[in-house]
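Novice: One predicted model, sequence on top.
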Amino acid sequence: MRRRKHILDNLDQDIRDHIERETQDNIGRGMSPDEARYAAVRKFGNVTRVKEETRDVWTFVWLEQLLQDVRYGLRMLRRNPGFAAVAVLTLALGIGANTAIFSVINGVLLSPLPYKDPKQLVIIKEHDSLPNVRDIQRQTRAFSQGGGINVEPMDYTGGTEPVQVHVGQIDAAFLETLGAQPMLGRIISPGEDVQGGPRLAMVSNHFWQDYLGSDPHAVGSTIQLGGNSYTVIGVMPASFAPPAEHADVFVSLSVSDPRGGAERDLHFLHTYWRLKAGVTLAQAQADMAAIDRRLAEQYPAEEKERKSQLVPLHEWLVGDVRSALLVLFGAVGLVLLIACANFASLLMMRAVAERQELVIRAALGAGRGRLIRKTLTESVLLSLLGGAAGLLFAQWGTSMLLALRPEKLARLSGIHMDTRVMLFVLVVSVLTGIAFGMAPVWIAARADVAEALKEGGRGTTSSTVGHSVRKLLVTSELAVALVLLVGAGLLIKGFSRLRSMNPGFNSANVLTMYLQLPTTRYGEIPKQNQFRRELLARLNSLPGVQAAMVTDIPLGGNYVGHRLVIDGRPPVAVGGEPLVQTLSVMGDYFRVMQIPLRAGRDFTPLDREGQPLVAIVNEEMVREFFPHEGPIGVRIRWAGDTGPPQWMTVIAVVGDVKHSGLNQRADPAVYTPFSQNDERWRRFMTLAIRSRDASPGLVEEVKKQIWSLDSQIPVSDVHAMDDLIAVSVAQQRFNMLLLGLFAALALILAAVGIYGAMAYSVNQRTHEIGIRTALGAQRRDVLRLVLRDGAKIALVGIASGIAGALALTRLMAGLLFEVKPTDPATFAGVATLLALVGFAACYIPAHRAMRVDPMVALRHE
Amino acid sequence: MSTKEQRERIELLQGTLDLLILRTLLLGPAHGHAIAKAIEFKSDDVLQVEQGSLYPALHRLIKRRWISAEEGTSENNRRAKFYRLTSQGRRQLALETNKWDKLAGAIARILQPAEQEGES
């Protein structure tokens, strides 16, 4: 460094000496002093460039120049804060929205699941029974491990108040399959996972914290679950949770529910399997099909229709969220594209304004590469600033996304901004800066120095190249904005269709909550019904309250199906009987829910134990099974009953209820009275309570009534029916809100773009407009002149946008509800909206042009 | 237009300019202007060096330690910077000269017969 400085110090002097010598020589040859000096300088060449190149020999040139360019760039930005703010803000919006969505995609689609070798994990889509799981475990050649879980709400009565906890009833292999290691103690061994085995429990980390006081010596203590004592043998780490279930405690299914565990046709376990190393999904599927066939042969009564489908766990968890996220990612990419186009157009406008400076620099000997680098440094600087501001937007946007996210996303943890996201932003920013910073460089590079100098800064004709490129940019912005608006419009229309779907009941002012009776005291059906009757009597005596109960409330997420036999129909092979939804009710359920009675009579309190068995069916059931004759009076029974057939007489038809979601068809359903039910396991019920007004004290009042009957019964899943509906459409709402937001962003950016272009062009043409006005053009003519320009851009943009939208909206067909991707009304509405916005954006500059004073304009040089 | 032609010629010379400087300095230390003069004179003015381009080349050679620079006084008692060949530069010159001879010889052998063919 010292050596370099020492040598360079005298460079100026050396060059002056050199030229002086040459001048003297020339004088010696007989030139006049002026002539001699001129010739010497000419012979020497461009002094500035020689100095620069000489210095370059000694430096990490690029680094020094970079610093210089950065410093210069920052100075330029400070001098022109309006331009900088608009450019940075434009990019920040685009990059911010992208980062937020990418955070979600990163967390949901790209991050591995928090299990050991998660890629080997698959699920069997169909639920299964424990005996079948055991058989698959024995027979499989494709899986190294596999196990099942069923989550059962049970009351935990060890604390001060009875609470309902979610107990994961598992088999011993379940935790091992997921690679779960206990934080304290151990997990259950296969030898303990048998009927009559010891009652052992492994508690989740949050149960350990909430109910066991994070006691490090919790292992060995006992807890009361569902009226039984379990010994805690292990505490799971906070990082572990079952893939799709919420469980507070894990116990052996065989131990906690020996009867349910032994039933082959009780398909209630969700099963997870680990592929052996090197086994493909297709091989495993083939192996599974073979096992299914063997089971069907062996147990025709229960397993005749077996068809187990394997799905990789990640794919299954992400499921339909994936397509929604990809559409959103595509949409947000388009927003970034628009932002970039705006950015480029801004840079180009400025490049034209700064042409004079560039030209002078070139004339003074700046190399072309150096000029390009300077311009690029500025645009990369701007885009990095945009990226940084974008990160702030993204931070805010991600938390907004998290607040809006549907439940399915909520289960997948790890949505946050990590280094991968930061890297993404950095790459996007720098690429944006380089790619879109090239546009002005390109213009500058084409600048012919001599021509430009002659033109003397008037900049009239020479900017036509830039102008047409900018027009193209604005046109594309409008086209892309239209695509996004159409997408958003379709989702909004679909969502409003979905929300306006009649769920089949009136959700207003209905409160629901879930109760489960402990087996120890309510094992017998009469006891259960006694409790139910007494509870309903008490609730109905509250002023302004109508209460009833049902096994599974609509949109509550639970569903029980049974196979059905219809009297008088030709016999169907065992296991092939039609499957229908089965619900038990008590109280005036249909009146409380306002489910219309279409024919026949409602249940009465007389339809109870010891009386003739009755059933009510829904309209879908009639459509499917009784299309010609009425169902009333027909006898039906459940398939697979042992003992004498228990025929139920259909007494009425009620309206269909959308039980599994507003966008799902209603299944055929059979309602029976709770009191005529002979299934002891139906110890649970969901209260449906309609009140005149949703008074906030009602929940507490209801709980008080329940606990006055039995203080040990936990109450859970307290929801307003309206909320259940809202939750059921959360995914669609999420999609709609996000795409709507992106479309609004796109619209704003595109409007700013077209406004900027028109304003700039009016500014450039002030001179021309002045001449026209001076020559007698009317204000109207001027207005038309400018608007025609804008209209051309807008029309071409809208037309190509429609073409693009027709091609792209097909990709989102799966996200739409009862709306065609080519819905003409949406297309027309969006095109009109965009045309209006385009017109407004053009009108302001056009109006300004109209008022141009010809005298001022002609002086505008 | 003329500037453009000149620039192209200089770029052609770029690689060989270093060699010419080293060769000139073999005769003894010289200042920048003298080196330029010598190259022009010895080549019978065929090689018109844009004199400025000498300086980046000189500094490149200093950086490689093939020449050194020192302050001195010139013929007419004026301050000047003299460039002197180092022993490392002397070795380099031998090497480069050898290489150049081979290259020139090879090119000449290729071009010579072609010219004759063209004439006959």
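Specialist: Thanks, I have it.

Novice: Please make it C-alpha for all contacts and neighbour counts, starting now.
Specialist: Noted.

Novice: where along chain B do the helices fall?
Specialist: B:2-25, B:32-42, B:54-63, B:87-119 (DSSP state H).

Novice: buried set for the shortest one?
Specialist: Going back to what we said before, that points to helix B:54-63. Within helix B:54-63, the residues scored as buried using 16 or more other CA atoms under 10 Å in any protein chain shown are B:54-62.

Novice: Same question for stretch A:710-723.
Specialist: Burial within stretch A:710-723, assessed by neighbour count using 16+ other CA under 10 Å, is assigned to A:712-716, A:719-721.

Novice: Just the residues contacting that stretch, thanks.
Specialist: Residues outside stretch A:710-723 that contact it (CA atoms under 8 Å, 6 or more residues apart in numbering or on different chains): A:155, A:157, A:161-164, A:507-518, A:699, A:703, A:706-707.

Novice: Just the buried residues of stretch A:710-723: which are in strands?
Specialist: A:715-716, A:719-720 (DSSP state E).

Novice: A:Val483: neighbouring residues, count only.
Specialist: A:Val483 sits with 30 neighbouring residues when counted by other CA atoms under 10 Å in any protein chain shown.

Novice: State the helix or strand in which it lies.
Specialist: Per DSSP states H and E, A:Val483 falls inside helix A:464-499.

Novice: Quick check: which helices or strands does that helix pack against?
Specialist: Packing contacts for helix A:464-499, counted by 3 or more CA pairs under 8 Å, 6 or more residues apart in numbering or on different chains; DSSP states H and E, involve helix A:313-363, helix A:730-764, helix A:779-808, helix A:824-850.

Novice: Under the pLDDT cut-off, which ranges of chain B? List them.
Specialist: For chain B, the stretches flagged by pLDDT under 70 are B:1-15, B:44-49, B:74-76, B:113-120.

Novice: so A:Phe151 sits in a helix?
Specialist: Residue A:151: Val, not Phe. No: A:Val151 sits outside any helix when classified using DSSP: H, G, I helix; E, B strand; the rest coil, being strand.

Novice: related to what we said a few turns ago, only the buried subset of the contacts of stretch A:710-723, as a ChimeraX command please.
Specialist: Buried residues within these, by 16+ other CA under 10 Å, are selected in ChimeraX with:
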select /A:155,157,162,163,164,507,508,509,510,511,512,513,514,515,516,517,518,699,703,706,707
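
Novice: Just the contacts of stretch A:710-723: which are in helices?
Specialist: Using DSSP H, the contacts of stretch A:710-723 in helices are A:699, A:703, A:706-707.

Novice: In CSV: the residues you listed, plus pLDDT.
Specialist: Listed next are the ones in helices among the contacts of stretch A:710-723 as CSV, based on pLDDT from 0 to 100:
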residue, pLDDT
A:Val699, 87
A:Lys703, 88
A:Ile706, 90
A:Trp707, 87
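
Novice: Of those, which is the nearest to A:Gln646?
Specialist: Minimum distance to A:Gln646 across the ones in helices among the contacts of stretch A:710-723 is 32.7 Å, recorded for A:Ile706 (CA to CA).

Novice: burial count for the nearest residue to that closest one once chain neighbours are set aside?
Specialist: Nearest residue to A:Ile706, sequence neighbours excluded (CA to CA, 6 or more residues apart in numbering or on different chains): A:Leu535, at 6.6 Å. Around A:Leu535 there are 20 other residues, counting by other CA under 10 Å.

Novice: contacting residues around A:Ile27?
Specialist: Neighbouring residues of A:Ile27 by CA under 8 Å, 6+ apart: A:33, A:36.

Novice: again, only this time at 6 Å
Specialist: Taking CA atoms under 6 Å, 6 or more residues apart in numbering or on different chains, we find A:Ile27 in contact with A:Ala36.

Novice: next one: phi and psi at it?
Specialist: phi -60, psi -40 (degrees, to the nearest 10).

Novice: Okay, it and chain B: tell me how far apart.
Specialist: Distance, A:Ile27 to chain B, using CA to the nearest CA, to the nearest Å: 15 Å.

Novice: quick one: pLDDT of that residue?
Specialist: Note on A:Ile27: pLDDT of 90.

Novice: now the one 5 residues further on
Specialist: Each residue has a pLDDT score; the one for A:Ser32 is 89.

Novice: From A:Thr157, how far out is it?
Specialist: Separation of A:Ser32 from A:Thr157 (CA to CA, to the nearest Å): 114 Å.

Novice: how much does the helix holding A:Val483 deviate in direction from helix A:730-764?
Specialist: Inter-element angle recorded for helix A:464-499 and helix A:730-764: 150 degrees (by axes from the mean of the first three to the mean of the last three CA atoms, to 10 degrees).

Novice: State the number of residues packed around A:Glu624.
Specialist: Other residues close to A:Glu624 by other CA under 10 Å number 11.

Novice: Nearest spatial neighbour of it, chain-adjacent residues omitted?
Specialist: Closest to A:Glu624 by CA to CA, 6+ apart is A:Pro668, at 7.4 Å.

Novice: Can you name the residues that contact the one you found?
Specialist: Residues near A:Pro668 by CA under 6 Å, 6+ apart: A:580, A:620-621.

Novice: Which of these fall in helices?
Specialist: Within these, membership in helices is found for A:620-621, as judged by DSSP H.

Novice: Columns neighbour count on top of the contacts of A:Pro668, output as TSV?
Specialist: Formatted as TSV, the contacts of A:Pro668 follow (neighbours: other CA atoms under 10 Å in any protein chain shown):
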residue	neighbour count
A:Val580	17
A:Glu620	20
A:Met621	21
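
Novice: Out of the contacts of A:Pro668, flag the one nearest to B:Asp101.
Specialist: Each of these was checked against B:Asp101 using CA to CA; the closest is A:Val580, at 98.4 Å.

Novice: and the gap between the closest one and chain B?
Specialist: Noted for A:Val580: a distance of 88 Å to chain B, by CA to the nearest CA.

Novice: Pull up the residues of chain B that are close to chain A.
Specialist: Counting by CA under 6 Å from any CA of the partner chain, the residues of chain B lying close to chain A are B:33, B:50-52, B:56, B:60.

Novice: hmm, back to that, next, format the buried residues of stretch A:710-723 as JSON lines and append pLDDT.
Specialist: Output for the buried residues of stretch A:710-723, formatted as JSON lines (pLDDT from 0 to 100):
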{"residue": "A:Gln712", "pLDDT": "77"}
{"residue": "A:Ile713", "pLDDT": "80"}
{"residue": "A:Pro714", "pLDDT": "77"}
{"residue": "A:Val715", "pLDDT": "79"}
{"residue": "A:Ser716", "pLDDT": "77"}
{"residue": "A:His719", "pLDDT": "88"}
{"residue": "A:Ala720", "pLDDT": "89"}
{"residue": "A:Met721", "pLDDT": "90"}
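
Novice: Which residue lies nearest the spatial centre of the chain?
Specialist: Looking at chain A here, since you left the chain open. Centroid check for chain A by CA atoms, centre = their mean gives A:Leu325 as the closest residue, at 4.9 Å.

Novice: oops, chain B please
Specialist: Mean-position check on chain B, CA atoms, centre = their mean. Result B:Leu20 at 2.1 Å.

Novice: Next, A:Leu816: phi, psi?
Specialist: With angles defined as degrees, to the nearest 10, A:Leu816 sits at phi -100, psi 150.

Novice: Is the closest residue to chain B within the stretch 501-650 of chain A in a helix, a strand, or coil?
Specialist: Among the residues of the stretch 501-650 of chain A, A:Met501 lies closest to chain B, at 76.5 Å counting by CA to the nearest CA. Counting by three-state DSSP, the backbone at A:Met501 sits in coil.
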